[in-house]
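K.L.:
when you get a sec, could you give me coordinates for this:
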Amino acid sequence: MCRNIKTLYNFEPPATADEVQAATIQYVRKISGFSKPSVVNGPAFEKAIKEISVSSQKLLDSLKTNAPPKNREIEAEKARKRNRRRFAKT
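P.N.:
Numbers count the residues shown, from 1 in each chain. This next block holds a predicted model:
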């Protein structure tokens, strides 16, 4: 599950609220062990997603760096190359 969580900091354009939400859902799924919670656990699951999304956005907004922003397309191509090497049949 956690392989789906992408780095969101220092990109141009900055991470969207949807990207932060998606990463948060993956995180909550991983630590809870549920991909979809039961009805009784649904409110706790949703509360965690909301709180962690807010905290994650605050973190991203407060981080500082001197590095130039990364290009999403270049980073995506690097990831595709890594995956081709990783999953290449030998």
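K.L.:
residues contacting the residue nearest in space to the middle of the chain?
P.N.:
With distances taken as Cα atoms, centre = their mean, the residue of the chain nearest its centroid is residue 23 (2.9 Å). Counting by Cβ atoms under 8 Å, 6 or more residues apart in numbering, residue 23 makes contact with 5, 6, 8, 56. The C-beta positions use only the backbone N, C-alpha and C, and glycine is treated the same way.
K.L.:
which single one of those is nearest to residue 75?
P.N.:
Using Cβ to Cβ, residue 6 comes nearest to residue 75 of the contacts of residue 23, at 8.7 Å.
K.L.:
would you mark the buried spots in the host helix or strand of the residue nearest to the centre of the chain?
P.N.:
Using DSSP states H and E, residue 23 falls within helix 17-32. Neighbour counts over helix 17-32 (16 or more other Cβ atoms under 10 Å) mark 20, 21, 22, 23, 24, 25, 26, 27, 28, 29 as buried.
K.L.:
nearest to residue 65 among those?
P.N.:
Closest approach between those and residue 65, by Cβ to Cβ: residue 20, at 17.9 Å.
K.L.:
now do the closest one against residue 66, distance only.
P.N.:
Note on residue 20: its distance to residue 66, by Cβ to Cβ, to the nearest Å, is 23 Å.
K.L.:
same check, this time on residue 83
P.N.:
Taking Cβ to Cβ, one finds residue 83 at 30 Å from residue 66.
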